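J.: Could you look at this predicted model? Sequence included:
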Amino acid sequence: MASPSILKRIGDILVCAGSAVLAGLVPAGLLAGSGCASVPVRTNAAEEPATSEARRGHDTQTTDAGIKVAKTFWTALAAGDTEGMAEHYADEVVVWGSSELLKTEWGLPGGGDRSRDVKVRKADLLRAYESFIESVGRERWRDLCARIDDDKISFITVAVADWADTFERLVGQPLPEFRKSLNERKAAGQTLADLHVGDLVMGVDKPDPDGMLFFQLRQTTSGKWQVVGEATDY
């Protein structure tokens, strides 16, 4: 069961971002101390006996490969190495509402309104990162990122292509108000962010109390893991 303080932080994300995406992408690391484990979420325990050992082994290997890519991506980002980051971004990336790089000063096409998600080209996103990191100072950026220990980085595998289901399984309890808000968005014709079974979400808890970064990775048909979305309010 998630603690009241954790649920308050989740609510803050929902209000700040105004985005259904952010609600679904709270990593297991956010729940440190709440009793929730940093493990992939299963859809239905009753299905387990029908899953072969070979399939489980394949799934584990696939997830491990994704986590390895995610860690490599984070290492490049923490070093301010945009060339290294480029190897792991998809050609187009969804930058979720509330993200720092949506501020006008970083020149991201479609930016300027942090209340909505924006799909951008990889090249444009990397240029925005270069501008942002240069403004912080590359050495200072590296020093700040070095303060984030490995135990502050966690991963979760999406088991059901449904934001509410994913989120409820993550916090370990029903969230009727969140589910209601998603239904209202759908009824209003709003398109929710793309979510696939098997997507991997990396969560990074920043040193400040309510600071969280999220990166969504997806495996291509050729087996390559790529970052396809991020929520990064640095």
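T.: Everything's here; your move. Numbering: from 1, shown residues only.

J.: When you work out contacts or count neighbours from here on, use the C-alpha atoms and nothing else.
T.: Noted.

J.: distance of Pro109 from Leu217?
T.: From Pro109 across to Leu217, the span is 22 Å (CA to CA, to the nearest Å).

J.: Please apply the same query to Leu101.
T.: When Leu101 is compared with Leu217 (using CA to CA), they lie 19 Å apart.

J.: Any idea which helix or strand in the chain has the lowest mean pLDDT?
T.: helix 20-24 (a mean of 37; mean pLDDT, DSSP states H and E).

J.: what about Gln61, how many residues close to it?
T.: 12 (other CA atoms under 10 Å).

J.: I meant to write Asp165 there.
T.: Neighbour count for Asp165, taken as other CA under 10 Å: 17.

J.: Ok, Glu184 next?
T.: Glu184, neighbours per other CA under 10 Å, totals 12.

J.: try Ala78
T.: Neighbours of Ala78 (other CA under 10 Å): 19.

J.: got any ranges where the protein has weak pLDDT?
T.: 1-60, 62, 166-167, 169-172, 190-192, 209-211 (pLDDT under 70).

J.: In it, what residue spans correspond to strands?
T.: 89-95, 118-121, 153-157, 200-205, 212-219, 225-232 (DSSP state E).

J.: Hmm, Gly97 and Gly229 touching each other?
T.: No. The pair Gly229 / Gly97 is not scored as a contact, 11.0 Å apart, by CA atoms under 8 Å.

J.: quick one: the helices in this structure?
T.: Assigned by DSSP state H, the helices in the chain fall at 4-17, 20-24, 53-78, 82-86, 122-136, 138-146, 163-171, 176-187.

J.: Quick check: the gap between the closest residue to Ala128 other than its chain neighbours and Thr157.
T.: Closest residue to Ala128 apart from its sequence neighbours, by CA to CA, 6 or more residues apart in numbering: Trp106 at 5.2 Å. According to CA to CA, Trp106 and Thr157 sit 31 Å apart.

J.: Between these two, point out the one with more neighbours.
T.: Remark: of Trp106 and Thr157, Thr157 carries more neighbours, 24 against 20, as counted by other CA under 10 Å.

J.: wouldn't the more buried one be in contact with Leu195 here?
T.: No. The pair Thr157 and Leu195 fails to qualify as a contact (CA under 8 Å) at a distance of 11.1 Å.

J.: list the buried ones in stretch 193-200?
T.: Neighbour-count burial for stretch 193-200 flags 193, 195-196, 198-200 (criterion: 16 or more other CA atoms under 10 Å).

J.: oh, I was asking about stretch 98-108
T.: By neighbour count with 16+ other CA under 10 Å, stretch 98-108 contains the buried residues 98-103, 106-108.
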